[in-house]
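A.B. asks: quick one: sequence and predicted model below, then my questions.
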Amino acid sequence: PHGAEVLNSTRGLLEPDPEQGANRLSKARQYDLLVHELSHQATGREFRRLPTWFSEGLAEYLAAAHFAPGRYSFKDPAESIKTHVKKYLGDLAKQDRFGIVALKPLTGMDGRAWAENTRRGTGHGPFLKYVSAVLLLHYFCHLDPARNHGELVRDFLAALRNGQPGSRAMVEQLLRGRSLEEIEGEIEKFWNAGGLRIEFRG
C-alpha cells in the first residue's frame, strides 16, 4: 500500500498452474475474475466499511462491463449484467425461472460468512449471491425511482466515509422507508421483462 501497487499472482489464473498443467477457467472468465479481484484492491483502502454485498456487487458490475482485456463498456449495464450472469450460470439461466439469494440474508452477510458460503457451496450455488448483489447494486444505481441522479448512492457512500455503520447507512440512505421485499419485487419485475427470469428465495 505504501507504493500504491497491487500484486496479484497469475499462477492458475492467467498462466497454467504448473502442478495441474492447465487452467480451470476459460480466458474470458480468467479476465473477469481478475477484474473482480482488482476492483476489491482499488476500493479496499478508501471504503473499508463497504458492506460485503455492495463490495461484491460493485466487483461483479465492473466484471460485467469488461468485454476485452482492459476494455469496458457502460453503455447498457443491464445487457452487460444479463450476458455476464448467463455466461456463468449456463443452463440454469435458461430455466423458466431460477432462484437467487433473497436480499435480507444477502445484506446480512459479513465478509467471513460470504467467504464461508463460497467455500462450502457446490455447483452454481456460490455464484447466486453474487448475482443478487450485482442486481441490487444495479437497482440503486439505475432503477431506483427515488434515486434522482445517484444522490442515494452518493449519500450512502458519504455516510460510510463519515463512520456510519453499513446497516444503518443502508436503512437511512438507501432504503428510506422501503422494505427489502418491496425492492425484490421491483428487481424481479425489471429483469423478468428483460430476459433474466430470476426469483428471490430465502
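C.D. replies: That came in fine, so what should we check first? Residues are numbered from 1 along each chain as shown.
A.B. asks: from the chain's centroid, how far away is the longest helix seen in the chain?
C.D. replies: The longest helix of the chain (DSSP state H) is helix 27-44. Put simply, helix 27-44 sits 11 Å off its chain's centre (Cα atoms, centre = their mean, to the nearest Å).
A.B. asks: now the lowest-mean-pLDDT helix or strand in the chain: buried residues?
C.D. replies: Least confident helix or strand, the chain: helix 27-44 with a mean of 84, by mean pLDDT, DSSP states H and E. Residues of helix 27-44 classed as buried: Q30, Y31, D32, L33, L34, V35, H36, S39, T43 (neighbour count, 16 or more other Cβ atoms under 10 Å). Just so you know, the C-beta spots here come from the backbone N, C-alpha and C atoms, and that holds for glycine as well.
A.B. asks: residue contacts, the last one?
C.D. replies: Which is T43. T43 is in contact with L50, S55, L58, counting by Cβ atoms under 8 Å, 6 or more residues apart in numbering.
A.B. asks: now the angle from the strand or helix carrying the second one to helix 27-44?
C.D. replies: S55 is part of helix 52-65, with elements assigned from DSSP states H and E. Computed with axes from the mean of the first three to the mean of the last three Cα atoms, to 10 degrees, the direction of helix 52-65 lies at 140 degrees from that of helix 27-44.
A.B. asks: dump helix 52-65 to CSV, restricted to CA.
C.D. replies: The C-alpha trace of helix 52-65 is given here as CSV (Å, rounded to 0.1, in the frame of the first residue of the first chain):
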residue,chain,number,x,y,z
THR,A,52,-19.9,-7.1,1.6
TRP,A,53,-22.9,-7.1,-0.7
PHE,A,54,-22.0,-3.7,-2.1
SER,A,55,-18.3,-4.5,-2.5
GLU,A,56,-19.1,-7.8,-4.2
GLY,A,57,-21.9,-6.3,-6.3
LEU,A,58,-19.5,-3.5,-7.5
ALA,A,59,-16.9,-6.0,-8.4
GLU,A,60,-19.4,-8.0,-10.5
TYR,A,61,-20.7,-4.8,-12.0
LEU,A,62,-17.2,-4.0,-13.3
ALA,A,63,-16.5,-7.6,-14.4
ALA,A,64,-19.8,-7.5,-16.4
ALA,A,65,-18.7,-4.2,-18.1
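A.B. asks: so what does that helix touch, helix or strand wise?
C.D. replies: helix 27-44, helix 77-89, helix 111-120, helix 125-138 (3 or more Cβ pairs under 8 Å, 6 or more residues apart in numbering; DSSP states H and E).
A.B. asks: and the third one, what's buried?
C.D. replies: Just to be clear, that refers to helix 111-120. For helix 111-120, by 16+ other Cβ under 10 Å, it's W114, N117.
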